[in-house]
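A.B. asks: Quick check, what structure comes out for this input:
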Amino acid sequence: MLVADALEVSYGKVEVLRGLDMTVQPGEVVALLGPNGCGKSTTVKSVAGLVSPRAGTLRYDGADIAGMSIRERVTSGITLVAQGRTLFSSMSVEENLLMGAFARSDDDIRDDCDRWLDFFPGLRDARRRPAGQLSGGQQRMVAVARGLMARPSLLMLDEPSLGVAPAVLVELGNAIRQLRDDLGLGVVLVEQDIPFALDVADRVLVLASGRIALEESPDRLRGGEELREVYFGHHASI
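C.D. replies: Reported below is the predicted structural model:
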């Protein structure tokens, strides 16, 4: 599905990605872990078209996407749910979801809106409420639902656990697994919450100094020393 090869990204003179290689297959959840500033968010922004690599290649379903606009990448099946609260706060939940279908012109948009309102707990009852009045966890669910309105085959989530209560995080993890299992979505999960990422992911990539320093299964990393050593040298609980 997605192949990034020798990807290099700089902000001015600051090198962020230094030859990053990454693949994501259909129906696979890949977690990107690593300390702040290691390039996790830059990686998904590069795939989404928000950042332009200065070197390397990006291929999606066999096609070179380097020259594609953001809209073209969305229509090809790539969606990024950005970090933080990115909703239109004065618009209703339903209106926010419909905005996620901006690149579509088919007749099934309303049906998809109803589908995702029912998929995430509590959104159906809140559909008419301004999104800014919802809890942090509910807003995160709305953001993911809005991303799904584009009908992606690759869904990238940048720190979905940020500001989310533990109970809602469990629901979000269940939703990610269901999207993988029922729809065959490929998912890239950028996370700082290591236990959540290890619980949801099929494969883990740990970034350090703009490269992949470690690639393993969650089971191999859980409770061991390898992730601690590569990640920061130590961590209280993994």
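A.B. asks: C-alpha from now on. contacts and neighbour counts both.
C.D. replies: Fine.
A.B. asks: and the longest helix along the chain, what does it pack onto?
C.D. replies: Counting residues, the longest helix found in the chain (DSSP state H) is helix 166-183. Contact analysis of helix 166-183 by 3 or more C-alpha pairs under 8 Å, 6 or more residues apart in numbering; DSSP states H and E lists helix 136-148, strand 186-190, helix 194-200 as its packing neighbours.
A.B. asks: make it 10 Å
C.D. replies: Contact here means 3 or more C-alpha pairs under 10 Å, 6 or more residues apart in numbering; DSSP states H and E; on that basis helix 166-183 packs against strand 29-33, helix 136-148, strand 154-158, strand 186-190, helix 194-200.
A.B. asks: Would you tell me which one of these is buried the most?
C.D. replies: Comparing those by mean neighbour count (mean count of other C-alpha atoms under 10 Å), strand 29-33 ranks first with a mean of 27.
A.B. asks: heading toward the C-terminus, what's the first helix or strand past it?
C.D. replies: Using DSSP states H and E, the next helix or strand after strand 29-33 towards the C-terminus is helix 40-48.
A.B. asks: Measure how far that following helix is from the centre of its chain, please.
C.D. replies: For helix 40-48, the separation from the chain centroid amounts to 9 Å (computed by C-alpha atoms, centre = their mean, to the nearest Å).
A.B. asks: send the alpha carbons of it over as CSV?
C.D. replies: Output of helix 40-48 as CSV, limited to C-alpha atoms (Å, rounded to 0.1, in the frame of the first residue of the first chain):
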residue,chain,number,x,y,z
LYS,A,40,6.9,11.1,13.8
SER,A,41,4.4,13.9,12.8
THR,A,42,6.6,15.0,10.0
THR,A,43,6.4,11.5,8.5
VAL,A,44,2.6,11.5,8.3
LYS,A,45,2.5,15.1,7.1
SER,A,46,4.9,14.1,4.3
VAL,A,47,2.6,11.3,3.2
ALA,A,48,-0.5,13.6,3.4
